[in-house]
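A.B. asks: structure for the following, please:
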Amino acid sequence: MVKVLISKPGLDGHDRGAKVVARAFEEAGAEVIYTGLQATPDEIADIAAKEKVDVVGVSLLSGAHNTLMPKVIDKVKAKEGMEDTVFILGGIIPQQDIPGLMEKGVSGVFGPGTPLEEVTEFTFEQVAMAKAEKMAEQAMSDMANKASNI
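C.D. replies: Model (predicted):
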């Protein structure tokens, strides 16, 4: 089962969209943890690591996405075992900001009106790819270790 953390960092007080997305993930079969409003990047990272989530979904309507999203990504990825976490972002994100966010590690950006099924399917595909890559890396490492012992 995929574990998804839905978070609302910053001072934004509107969480209806985040709750709708959380419900969509639950209905699609994911286990969902919701941080509630005004979570800090440190709090998000701590919860993500404690719960060992596969996905961190961030909802931002405040315009602080270029500041907060990289902080969230850096804090989460700094936690042991969290380097393969998938990050998604929802909210009103200007098109010109999306390439920079993707370069910083965001896998998908979803604006208002995006079909919920599109969000969940995309996210589950990203998690499957991340897990497959990790398994392949582990297999290669195991083979290299065995070869060096011959």
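
A.B. asks: and the lengthiest helix in the chain, what does it pack onto?
C.D. replies: The residue-count maximum for a helix in the chain (DSSP state H) belongs to helix 116-148. Where contact means 3 or more C-beta pairs under 8 Å, 6 or more residues apart in numbering; DSSP states H and E, helix 116-148 is packed against helix 16-27, strand 55-60, strand 86-91, strand 108-110. Backbone N, C-alpha and C define where each C-beta goes, glycine included.

A.B. asks: ok, which of those comes nearest residue 141?
C.D. replies: If you check each of those against residue 141 by C-beta to C-beta, strand 86-91 wins as the nearest, at 21.8 Å.

A.B. asks: ok and that closest one relative to helix 116-148, angle-wise?
C.D. replies: Counting by axes from the mean of the first three to the mean of the last three C-alpha atoms, to 10 degrees, strand 86-91 lies at 160 degrees to helix 116-148.

A.B. asks: could you give me the average pLDDT of strand 86-91?
C.D. replies: Averaged across strand 86-91, the pLDDT comes to 97.
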